[in-house]
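*Asks:* Using only what follows, build the 3D model:
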Amino acid sequence: MENKPDNIAQIFQEAEQEYNNENYLEAVSKLKLILELNPDFSDAQSLLDKCVHQLSLPEVQYNIASQHYFNDVADSVVWYRKAALQGHKEAQYYLAISYYYGLGVPKNKAKAAKWHLEAAKQGYANAQFSLAEQHYNGDGIPENKAKAAKWYHKAARQGHIDAQYSLAEQYYFGEGIPKNEAKAVRWYRNAAKHGHIDAQYSLAYCYFYSKGVSEDKVKAFKWFSKAAKEDNDDAQFFLGICYYFGEGTSEDKTKAVKWWRKAALEGNASAQDYLGRCYAKGEGVPENKTKAVKWWHRAALENNESAQFNLGVCYSKGDGIPEDKTKAVKWWRKAARLDNQDAMRKLVNCYYYGKGTSENKKKAVYWLYILAKQGDAEAQLRLGNCYYNGEGVSKDYPKAVKWYHKAAKSGIVDAQFHLGVCYAKGEGVPKDEETAIKWLTKAGCHDCFHAWDIANMYCKGEYFPKDYSEGLKWYRISADQSASHAWTLGEMLSGSKTVKAGMLLGVQNDFYEFDFIEIENSYCDDFPKDKEEALKWFIKAAEQDDNHAGWLASRYDEGAGVPEDKSEAVKWYLKAAEEGSIEGDVEYILGERYYSGVGVPQDKSEALKWFRKAVELGNEDAQKEVEKIEAEINSQE
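*Replies:* Purely as a prediction, here's the structure:
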């Protein structure tokens, strides 16, 4: 016990040092030890009283909590609560965080909201933001976007950049507050200037699409670039768009690919889709259909409807992957369910014609109906046809008329024609000749085939009284729009017993295959004859089409419906040969004319030129003529 006074003095000095360093808990521990050894040590009691006073101060309690946080979370919470109860806003905020995440106390988001509110009311920006988040998401308290906006706004005005961004989002989408894109841009800009990456992207988007601010692709490019460099994959995607289309910067498809690849590797499905397009077209990278399929497949798995559609096309055509029309239908179905209209159109044809799946006109009508309801005028026409013909649905003329009418108002000439026929026949609507003529006229003035059909109606007395004069008017309207119809009208006016008419042979890979056939001219006896007008239409057709030029040449050759004129025949044979005739037949005739001097001065060199062209086009007879003329020329030399 002899050393007791010295030990107490040393401990007291240590306690004083802890007090001066604001380590009040350590000081209290030492002072209590001293008073156990010497209850009458007045200086120790006095210093202990000071420590207790300090420990009652909220700022001290908050500091103690912060110092102990990483060593003993539960003890920290005790001190946060002490300070919070005395109104310390930072302690209230951290106590709220402790309840929210269950740190040192059982998780209780309702209590978290309570303490966030206490700190928020004192102007603590972090608490205001956190309270807004809880209100916005209905997290521990009822969802209330209006209250969320209120607290985001308070925090935003204090410079809280996450709050500025969130407030901008609420203004942009009109959540809890009236939609105001201009105010959204203001807050996006504030947050963006302070480095908020998502705000930079959103601000760029607003400049790009003129949302709340005048369109400015240069500024959009600037902010997309900033966000893209911080690995925002949406910004990287749009930066690729800027480079690809030259929006706000010079067009550079290689750089577009670079940024799309960065975003694609981060899982951005839109970038994966566009990267696939670049590989498919060889834009910015060498063409590689296999890589295109690879990226489209990645995006398709992420439910990117455009990629699903493109992948379906690849399977359908066997581009970059083995052809598989069944898989094409599978991917188009997925894309269609995500509202991709191109995929819906593909599905309509697949079900209607039984391509890649069993023929099912009912399902074709299902997708036509969806397209038609979305305003697709071509789908409205086809849906009208289904109702008219009873394909996939029960025959229903009124519904057919309904859909024809919608498509007709959108300018679809086939719908206008069918609607006119319905009014003319009284199918689905009361018979109405005036309305029928109105819609038929609209169609006929824009489509040569419908104009021809209308002409036939008048000439045959179908739906309207027989009227060759009115029929001829519509034949002329049709002929003005079509070389083949101009030729046929010429043949009818010349009194030909037969006329050449186009016939649809079939459809291959979405291409229509036509050929011309001779059919009987049913109007030969009754139709007005006018050889002068006939020649006008023959010439019009010949000037527009090489086939018709060859036919006119033949008429001049034979004097068929026109005066025989070998020189005029050669003129039109030359026109017919401009693009190369089928199997070199016209070139062969020209060779004969120059060789014999019929219709042109005799010229063996010119004849040889034409016979050689005929050989190049596959005319076997021309080869003999080439050899004959070459022998003649050689013998003369």
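*Asks:* tell me the contacts of residue 336?
*Replies:* By C-beta atoms under 8 Å, 6 or more residues apart in numbering, the contact set of residue 336 is 343, 344, 347, 367. C-beta: built from backbone N, CA, C; applies to glycine.
*Asks:* out of the residues you listed, which is most surrounded?
*Replies:* Within these, residue 347 tops the neighbour count with 29 neighbours, counted by other C-beta atoms under 10 Å.
*Asks:* State the pLDDT value of that residue.
*Replies:* Residue 347 is assigned 97 on the pLDDT scale.
*Asks:* Show me what counts as buried in stretch 333-347.
*Replies:* 333, 334, 335, 336, 340, 341, 342, 343, 344, 345, 346, 347 (16 or more other C-beta atoms under 10 Å).
*Asks:* In TSV, list these along with distance to residue 466.
*Replies:* Below are the buried residues of stretch 333-347 laid out as TSV (distance: C-beta to C-beta, whole Å):
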residue	distance to residue 466
333	51
334	55
335	52
336	48
340	50
341	44
342	46
343	48
344	44
345	41
346	45
347	45
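*Asks:* In terms of helices and strands, where is the residue nearest the centre of the chain?
*Replies:* Nearest residue to the geometric centre of the chain (C-alpha atoms, centre = their mean): residue 306, 6.7 Å. Per DSSP states H and E, residue 306 falls inside helix 305-317.
*Asks:* Averaged pLDDT, stretch 605-625. What do you get?
*Replies:* In this model, stretch 605-625 has a mean pLDDT of 93.
*Asks:* residues of that stretch that come out buried?
*Replies:* Across stretch 605-625, burial judged by 16+ other C-beta under 10 Å covers 606-615, 617, 619, 622, 625.
*Asks:* So which of these are in helices?
*Replies:* For those, the ones inside helices are 606, 607, 608, 609, 610, 611, 612, 613, 614, 615, 622, 625, with DSSP state H as the criterion.
*Asks:* and those residues, which two are the farthest apart?
*Replies:* Across these, the longest distance by C-beta to C-beta is 15.2 Å; it joins 606 and 615.
*Asks:* still on that earlier bit, redo the ones in helices among the buried residues of stretch 605-625 as TSV? Include distance to residue 12.
*Replies:* As requested, these are exported to TSV (distance: C-beta to C-beta, whole Å):
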residue	distance to residue 12
606	129
607	131
608	128
609	125
610	126
611	127
612	123
613	121
614	124
615	123
622	126
625	131
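*Asks:* from those residues, which is closest to residue 269?
*Replies:* Closest approach between these and residue 269, by C-beta to C-beta: residue 613, at 54.3 Å.
*Asks:* surely the closest one meets residue 587?
*Replies:* Yes - between residue 613 and residue 587 there is a contact under C-beta atoms under 8 Å: 4.4 Å.
*Asks:* Residue 212: neighbour count?
*Replies:* By other C-beta under 10 Å, neighbour count at residue 212 equals 20.
*Asks:* follow-up on the earlier one: would you list the buried residues of stretch 605-625 in TSV and tack on distance to residue 277?
*Replies:* Output for these, formatted as TSV (distance: C-beta to C-beta, whole Å):
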residue	distance to residue 277
606	51
607	53
608	51
609	47
610	47
611	49
612	45
613	42
614	44
615	44
617	39
619	44
622	47
625	52
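*Asks:* closest to residue 582 among those residues?
*Replies:* Comparing those against residue 582 with C-beta to C-beta places residue 617 closest, at 7.8 Å.
*Asks:* Do you have the helices of the stretch 101-250 of the chain handy? List them.
*Replies:* With helices called from DSSP state H, counting those that start in this stretch, the stretch 101-250 of the chain shows them at 109-121, 125-137, 145-157, 161-173, 181-193, 197-209, 217-229, 233-245.
*Asks:* So which elements touch the helix or strand hosting residue 408?
*Replies:* In this assignment (DSSP H and E), residue 408 forms part of helix 397-409. Packing partners of helix 397-409 (3 or more C-beta pairs under 8 Å, 6 or more residues apart in numbering; DSSP states H and E): helix 377-389, helix 413-425.
*Asks:* Mean neighbour count, distance to residue 271 and mean pLDDT added to those, as JSON lines?
*Replies:* Output for the helices and strands packed on helix 397-409, formatted as JSON lines (neighbours: other C-beta atoms under 10 Å; distance: least, C-beta to C-beta, whole Å; pLDDT from 0 to 100):
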{"stretch": "helix 377-389", "mean neighbour count": "23", "distance to residue 271": "31", "mean pLDDT": "98"}
{"stretch": "helix 413-425", "mean neighbour count": "24", "distance to residue 271": "40", "mean pLDDT": "97"}
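*Asks:* can you put those in JSON lines and add distance to residue 463?
*Replies:* Below are the helices and strands packed on helix 397-409 laid out as JSON lines (distance: least, C-beta to C-beta, whole Å):
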{"stretch": "helix 377-389", "distance to residue 463": "16"}
{"stretch": "helix 413-425", "distance to residue 463": "4"}
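*Asks:* For residue 319, find the nearest of those helices.
*Replies:* With C-beta to C-beta as the criterion, residue 319 lies closest to helix 377-389 of the helices and strands packed on helix 397-409, at 25.1 Å.
*Asks:* ok, and what's touching the closest one?
*Replies:* 344-345, 348, 361, 364-365, 368-369, 371-372, 391-393, 395-397, 399-404, 406-407, 410-412, 414-415, 418, 422, 427.
*Asks:* what about burial for the residues you listed, which qualify?
*Replies:* 344-345, 348, 361, 364-365, 368-369, 371-372, 392-393, 397, 399-404, 406-407, 412, 414-415, 418, 422.
*Asks:* all strands in the protein, in order from the N-terminus.
*Replies:* Along the chain, counting by DSSP state E, strands occupy 498-508, 511-520.
*Asks:* For these, which has the smallest mean pLDDT value?
*Replies:* strand 511-520 (a mean of 49).
*Asks:* Leaving out chain neighbours, which residue sits closest to residue 329?
*Replies:* Distances taken as C-beta to C-beta, 6 or more residues apart in numbering put residue 356 closest to residue 329, at 4.0 Å, once the chain neighbours are dropped.
*Asks:* Identify the residues contacting that neighbour.
*Replies:* Each residue near residue 356 by C-beta under 8 Å, 6+ apart is listed here: 316, 325, 326, 327, 328, 329, 350.
*Asks:* how far away is the closest residue to the second one other than its chain neighbours from residue 349?
*Replies:* Put plainly, it is residue 325. In this structure, residue 325 finds its nearest non-sequential neighbour in residue 356, 3.2 Å apart by C-beta to C-beta, 6+ apart. Distance, residue 356 to residue 349, using C-beta to C-beta, to the nearest Å: 10 Å.
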